[in-house]
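Student: got a structure for you, letters missing:
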C-alpha cells in the first residue's frame with residue numbers, strides 16, 4: 001500500500017507540472033505569424049505615407065527646380081518622394097546636380113516627358129515663346145507620369161516652400177473634385193499688388209470672349225481665375241473624369257480657333273484648365289500660394305507678409321535667378337550651385 005501511495009503522489013506531481021507547463025506556454029506563446037518565418041517589419045519611416053511632389057527641370061532654368069526641391073526638403077520631416085520631370089536631353093544634368101550636392105539624400109525619381117504627345121495641340125505664339133516649352137504642359141498629364149499614387153502635388157519650378165509640405169498635402173478635396181487650386185481673388189493682401197502691375201484675375205484676362213466657343217461656355221467673364229502653378233490632385237478623379245482628354249480637346253480647339261493666347265493672361269497652360277475645372281475644384285489655403293513675385297521688377301510685398309507665407313511663386317517674366325527681379329534673397333537662400341558650373345545666376349555685378 002505504501003508503494004501504491006507513493007506512485008499516486010508521483011503521478012499527481014507530474015500532472016500538476018504538465019498543467020503548469022501548458023498554462024505557461026499559453027501565456028508566453030510566440031505569435032504564430034512569427035514562427036519559422038521572417039516577418040518584414042517596416043520602420044516607422046517606411047510606414048509613413050509617401051508624399052509625391054512633381055517638379056519639372058527645364059533647360060536654361062534647372063537651378064529653379066533645385067532651389068524648389070531644396071526648400072521643400074529642408075522644411076519638412078515628411079516622407080517626400082520627388083518626381084523630377086525632364087526631357088531626354090536634360091535628364092543627365094539634373095541627375096548629376098542632385099547626386100553631387102547636398103540633395104543626394106533626397107528620395108527622387110527622374111521621369112522623361114515625351115513632347116510628341118503635344119504634337120498638333122499647341123498654337124505657335126510669338127509673344128512669350130518660353131510658355132510653349134513642352135514641360136509647361138506636364139501638369140496636364142499627371143496620371144500618365146505618376147501612376148502609383150492616389151494624391152499628388154504638382155509645383156511650378158519658380159517657387160520656394162517655406163512651410164511644411166505635409167500641410168499642403170493635407171488639403172481636403174471635396175467629393176468629385178480632381179484638383180485643388182488657389183483662387184486669384186482669395187487673399188486681400190495681394191490685391192494691391194495685382195492692381196499695381198495690371199495683372200488679370202478674372203476669366204476675361206485669359207479667354208477671348210469675342211469667340212463664340214468661349215461665350216457658349218456660359219462662364220461670366222468676371223469669374224475669378226485660379227493659378228495652376230500649385231496643384232493638389234486626386235488621380236482617381238482625374239482619370240475618372242478624363243481630365244487629360246478634356247484639356248487636350250481645348251488645346252486642339254485653340255489651335256483651330258485661337259481661343260486664348262499668352263497676350264491675354266500671360267500663359268497658355270492656364271486657359272484650358274480654367275475651362276475644364278470651372279466650378280469643379282477645391283481651394284488651397286491662400287498662404288500656400290503667394291504669387292505674382294515675378295510680374296514686375298518694381299512691385300514688392302512687405303517683408304513681414306513674405307515671412308508669413310508658406311509658398312512663394314515668381315510667376316511672370318522676372319525670375320529670381322535672373323535680373324532684374326524682386327525678393328531674390330528669399331529664393332537664393334535655397335539655391336544650390338551647379339557642380340558642373342553650367343547654370344549661373346544672373347546678377348548686376350556678374
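Tutor: Right, received. Where do you want to start? Here the structure is a predicted model, which means the values were calculated and not measured.

Student: name the SS class of residue 70, please.
Tutor: Following DSSP: H, G, I helix; E, B strand; the rest coil, residue 70 is assigned to helix.

Student: so where does the nearest residue to it once chain neighbours are set aside fall, helix or strand?
Tutor: Excluding its sequence neighbours, the residue lying closest to residue 70 (CB to CB, 6 or more residues apart in numbering) is residue 334, at 4.4 Å. In short, each C-beta sits where N, CA and C put it, glycine included. Here residue 334 is covered by no helix or strand, with elements defined by DSSP states H and E.

Student: what's the span of stretch 117-132, first residue to last?
Tutor: Taking CA to CA, to the nearest Å as the measure, stretch 117-132 stretches 14 Å from start to finish.

Student: below-threshold pLDDT in the stretch 251-350 of the chain: ranges please.
Tutor: For the stretch 251-350 of the chain, the stretches with pLDDT under 70 are 261-267, 350.

Student: which residues of the stretch 151-300 of the chain fall in strands?
Tutor: Counting by DSSP state E, counting those that start in this stretch, the stretch 151-300 of the chain has strands at residues 151-155, 159-161, 179-183, 226-234, 282-283.

Student: follow-up on the earlier one: what residues does the residue nearest to residue 70 make contact with?
Tutor: Applying CB atoms under 8 Å, 6 or more residues apart in numbering to residue 334 gives the contacts 67-68, 70-71, 74, 160.

Student: from these, which is closest to residue 96?
Tutor: residue 70 (15.8 Å; CB to CB).

Student: I'd like the distance between the closest one and residue 116.
Tutor: Distance, residue 70 to residue 116, using CB to CB, to the nearest Å: 32 Å.

Student: tell me where the stretch 1-150 of the chain has helices.
Tutor: Counting by DSSP state H, counting those that start in this stretch, the stretch 1-150 of the chain has helices at residues 2-27, 44-47, 62-74, 91-99, 142-145.

Student: swap in the stretch 201-350 of the chain?
Tutor: Using DSSP H, counting those that start in this stretch, helices in the stretch 201-350 of the chain cover 212-215, 235-240, 243-257, 262-265, 270-276, 303-308, 328-332.

Student: low-confidence regions, the stretch 51-200 of the chain specifically.
Tutor: Applying pLDDT under 70 to the stretch 51-200 of the chain flags the ranges 126-131, 187-199.

Student: try it again at 50.
Tutor: 126 (pLDDT under 50).

Student: reformat the helices of the stretch 201-350 of the chain into JSON lines and put distance to residue 315 next to each item.
Tutor: Listed next are the helices of the stretch 201-350 of the chain as JSON lines, based on distance: least, CB to CB, whole Å:
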{"stretch": "helix 212-215", "distance to residue 315": "23"}
{"stretch": "helix 235-240", "distance to residue 315": "23"}
{"stretch": "helix 243-257", "distance to residue 315": "19"}
{"stretch": "helix 262-265", "distance to residue 315": "11"}
{"stretch": "helix 270-276", "distance to residue 315": "10"}
{"stretch": "helix 303-308", "distance to residue 315": "15"}
{"stretch": "helix 328-332", "distance to residue 315": "13"}
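
Student: those helices: which one's closest to residue 178?
Tutor: Residue 178 lies closest to helix 235-240 among these, at 3.9 Å (CB to CB).

Student: quickly note the distance from the nearest residue to residue 254 once chain neighbours are set aside to residue 226.
Tutor: Spatial nearest neighbour of residue 254, chain neighbours left out: residue 123 (5.4 Å); criterion: CB to CB, 6+ apart. Applying CB to CB, the value for residue 123 to residue 226 is 22 Å.

Student: between these two, tell me which one has more neighbours.
Tutor: Counted by other CB atoms under 10 Å, residue 123 and residue 226 do not tie: residue 226 has more neighbours, with 26 against 19.

Student: list the contacts of the more buried one.
Tutor: Shown in contact with residue 226 (CB under 8 Å, 6+ apart): 181-184, 273-274, 277, 281.

Student: many thanks, I have nothing further to ask.
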